[in-house]
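Asks: Build me a model from this:
(3 chains)
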Amino acid sequence: MINVHEIEKISMNCSMTEFVGTTVLDTIGLVIPGVDPMLLKQMNLKKPYRSLGLLSSRTGAAGQINAVDEAVKSTNTEIVSIELPRDTKGWGGHGNYIIIGGDNVSDVRRAVEIALEYTEKYAGELYISDAGHLEFTFSANADQALNLAFDAPIGKPFGFFCGSPAAIGMVMADLAVKSASVEIVKYMTPDRGTSHSNEVIVAVTGDASAVKNAVLTARDIGLQLLVSMGSYPKSPGKPFLE
Amino acid sequence: MINVHEIEKISMNCSMTEFVGTTVLDTIGLVIPGVDPMLLKQMNLKKPYRSLGLLSSRTGAAGQINAVDEAVKSTNTEIVSIELPRDTKGWGGHGNYIIIGGDNVSDVRRAVEIALEYTEKYAGELYISDAGHLEFTFSANADQALNLAFDAPIGKPFGFFCGSPAAIGMVMADLAVKSASVEIVKYMTPDRGTSHSNEVIVAVTGDASAVKNAVLTARDIGLQLLVSMGSYPKSPGKPFLE
Amino acid sequence: MINVHEIEKISMNCSMTEFVGTTVLDTIGLVIPGVDPMLLKQMNLKKPYRSLGLLSSRTGAAGQINAVDEAVKSTNTEIVSIELPRDTKGWGGHGNYIIIGGDNVSDVRRAVEIALEYTEKYAGELYISDAGHLEFTFSANADQALNLAFDAPIGKPFGFFCGSPAAIGMVMADLAVKSASVEIVKYMTPDRGTSHSNEVIVAVTGDASAVKNAVLTARDIGLQLLVSMGSYPKSPGKPFLE
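Replies: Sure, this is the predicted structure:
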């Protein structure tokens, strides 16, 4: 048993079989090879997977959901649930808690590994300043996770833009949907669909080039408005949408 | 298009036509001259204004709502919606996201300008310490915004007191309503009417002098209790209620 | 009246009769000897106590609820309400706002004093790192407060484990309930039973030794996973469960 009076002797290289890895945005990836039946019953899942993969972050939602979308696409797993706690470590948005299910633990572990890799990449389109934050994501081919979280049509291009304080998200959305022939699939505000976050979120579908243009327009607008508040945002990763 | 690898080249003097201004408490004021029809449909407004004014802050609720109340009173605009995200940048309260509607963009822009000016003033009655915060507001003549957010009777005096951690708000409220002949119009707690904020909020109406006395009593009590927690609060503005 | 331009002249030794004390985790204890009748009506209590005791913290839930459980057990008072604001000063969990009722103010004041003392002790099983937090509590004999908040069977042993980011709480729970013959009485997630906190919470009952073993297992697992995220947690008190 761990001596709680000597916590600093615990290794940061976790050797538990449940541990998969960690990445940016206080994200941890874990697996449960065979969930305890009593706990499984409490979870009340639609389909009672025994092997579960977990991805969980203090900050970020769309990037990690897109990452899990990729993970599920390329493994024999399914999305079980996506929850968006009100978090972001003092900022105005969400963290995430995503469960992946599968018939065997190696599939689920592989899915969590892929999700962690993509989370690092997709974190590049999150921008955080002293005043607020912006988040963008794009998928050429949305799958289960983006569908469950944001009503993305499966197999279609998907774009997401989010701004905080909320008014920035609203103006971004207005100019983005005017800039390209896209269709709105989700509209979220502090009182609608969020966990009372200080954000306006709009998600769109359409032709890939139109969707991407809408996202890039939203990013241009959002960055200008966020900077107008008096501080420059940083990205926890490397911006990559061009 | 903005080069996201050189964000610090973006000017802090925003030149977008949608930009109105910024002020204390991470507040931004924006206008949308003519909202995109598809986005307008998603918003599901009771009255489909095309010109929208937006006021949005990371911190503060009553002060900005009172500011918007003044703005709507003196312009040809109306309140569309008031949302209170759980925010305050790591503290226990709300931010705000307020939409004003009008028939033309110059009315709406003027309303947002007025709201920004009054936000700076009303921020003087917000007090933030390491331990918690207090917020007060007073109006001699409540209008649409205070009515929508806090059931203030229109045309009547209105007083508001809020304390965090919640127990401070409760004791403030008890002593304030005992100190003056006022009527409670709103009572909010972490599970009632708030976005799970750590506050007790009470709003009152009555004769102007009684309402103001109740607010001043609440402030006296709140400051003593907040200071008892071991740190002194600061105001982001200049206290002005006397 | 207090001069708001000289706030730093207010004494930190509060002399108000309503003041009981403060302790760790930005916790304040207060009493209201006889609540204002108009305010009491707004509160809509099941049983209209006139004397109320209040315990309220920015951070922590299970520890303070267990502390109040002890307080109510040993005084002539009852639990009126327990609310869990989304707080923790920028971390992913809850604060608390607890009301105790009694027929006379000395009973209620004594209950709040006891709750403050136990809060300091029970805070020892809260662990907060840069990445997240863990909270544990154990009672050999649960009473009203643990019953109201977490469905603890009255008079039975009770164990509680909570981890943030949420995935840590889930793996802790799975291994803890597998490690000992306990029964789950409460299962909470960001979208279930919490105020959108970034936590998985599981509460259990059973034989005292089994319940304690489950809590200790959860703590062992939780500490290893939290440390894997790259920083060491600290406790605001002294760990004491052994």
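Asks: only C-alpha atoms for contact and neighbour calcs from this point on.
Replies: Will do.
Asks: chain center to stretch A:95-104: distance?
Replies: Taking the mean C-alpha point of stretch A:95-104 and that of its whole chain, the gap between them comes to 13 Å (C-alpha atoms, centre = their mean, to the nearest Å).
Asks: Output that stretch as CSV, nothing but the C-alphas.
Replies: These are the backbone C-alpha positions of stretch A:95-104, laid out as CSV (Å, rounded to 0.1, in the frame of the first residue of the first chain):
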residue,chain,number,x,y,z
GLY,A,95,-13.3,19.3,-20.2
ASN,A,96,-14.4,15.9,-21.5
TYR,A,97,-15.0,12.4,-20.3
ILE,A,98,-15.4,9.9,-23.1
ILE,A,99,-16.0,6.1,-22.9
ILE,A,100,-15.2,3.7,-25.7
GLY,A,101,-16.4,0.1,-25.6
GLY,A,102,-15.1,-3.0,-27.2
ASP,A,103,-15.1,-6.8,-27.0
ASN,A,104,-11.5,-7.2,-26.1
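Asks: List of residues touching it?
Replies: Stretch A:95-104 is contacted from outside by A:33, A:49-61, A:64-65, A:72, A:76-88, A:108, A:111, C:165-167, C:190, C:198, using C-alpha atoms under 8 Å, 6 or more residues apart in numbering or on different chains.
Asks: I'd like to know which of these are part of helices.
Replies: Judged by DSSP state H, helices contain the following of those: A:Gln64, A:Ile65, A:Val72, A:Val108, A:Ala111, C:Ala166, C:Ala167.
Asks: Among those residues, which one lies nearest to chain B?
Replies: C:Ala166 (18.6 Å; C-alpha to the nearest C-alpha).
Asks: Verify the contact between the closest one and C:Asn198 for me.
Replies: Yes: in this structure C:Ala166 lies within contact range of C:Asn198 using C-alpha atoms under 8 Å: 5.2 Å.
Asks: more crowded one of the two?
Replies: Taking other C-alpha atoms under 10 Å in any protein chain shown, C:Ala166 and C:Asn198 do not tie; C:Asn198 has more neighbours (37 against 33).
Asks: which residues are in contact with both of C:Ala166 and C:Asn198?
Replies: A:Tyr97, C:Thr189, C:Pro190.
Asks: Which of those ranks first by neighbour count?
Replies: Within the shared contacts of C:Ala166 and C:Asn198, neighbour counts (other C-alpha under 10 Å) peak at A:Tyr97, which reaches 29 neighbours.
Asks: Is it located within a strand, as I assumed?
Replies: Yes: applying DSSP: H, G, I helix; E, B strand; the rest coil, one finds A:Tyr97 inside a strand.
Asks: so what's it bridging to?
Replies: Here A:Tyr97 shows beta-bridge partners A:Ser56, A:Glu83, assigned using DSSP bridges.
Asks: Near A:Gly237, how many other residues are there?
Replies: 17.
Asks: So it: helix, strand or coil?
Replies: Secondary structure for A:Gly237, judged by three-state DSSP, is coil.
Asks: So for it, what's the pLDDT?
Replies: At A:Gly237, the predicted lDDT confidence score is 95.
Asks: from the ones in helices among the contacts of stretch A:95-104, which two are the most distant?
Replies: Pairwise distances among the ones in helices among the contacts of stretch A:95-104 were taken by C-alpha to C-alpha; the largest, 20.3 Å, belongs to A:Val72 and C:Ala166.
Asks: buried stuff in stretch A:47-59?
Replies: Neighbour-count burial for stretch A:47-59, with 16 or more other C-alpha atoms under 10 Å in any protein chain shown as criterion, is recorded at A:Pro48, A:Tyr49, A:Arg50, A:Ser51, A:Leu52, A:Gly53, A:Leu54, A:Leu55, A:Ser56, A:Ser57, A:Arg58, A:Thr59.
Asks: Surely the third one touches A:Met38?
Replies: What that stands for is A:Arg50. No: if you go by C-alpha under 8 Å, A:Arg50 and A:Met38 don't touch, sitting 11.7 Å apart.
Asks: helix/strand/coil for A:Thr22?
Replies: Each residue gets one of three states, and A:Thr22 gets strand by three-state DSSP.
Asks: which non-adjacent residue is nearest it?
Replies: Leaving aside its chain neighbours, A:Thr22 sits nearest to A:Ile28 (4.3 Å; criterion: C-alpha to C-alpha, 6 or more residues apart in numbering or on different chains).
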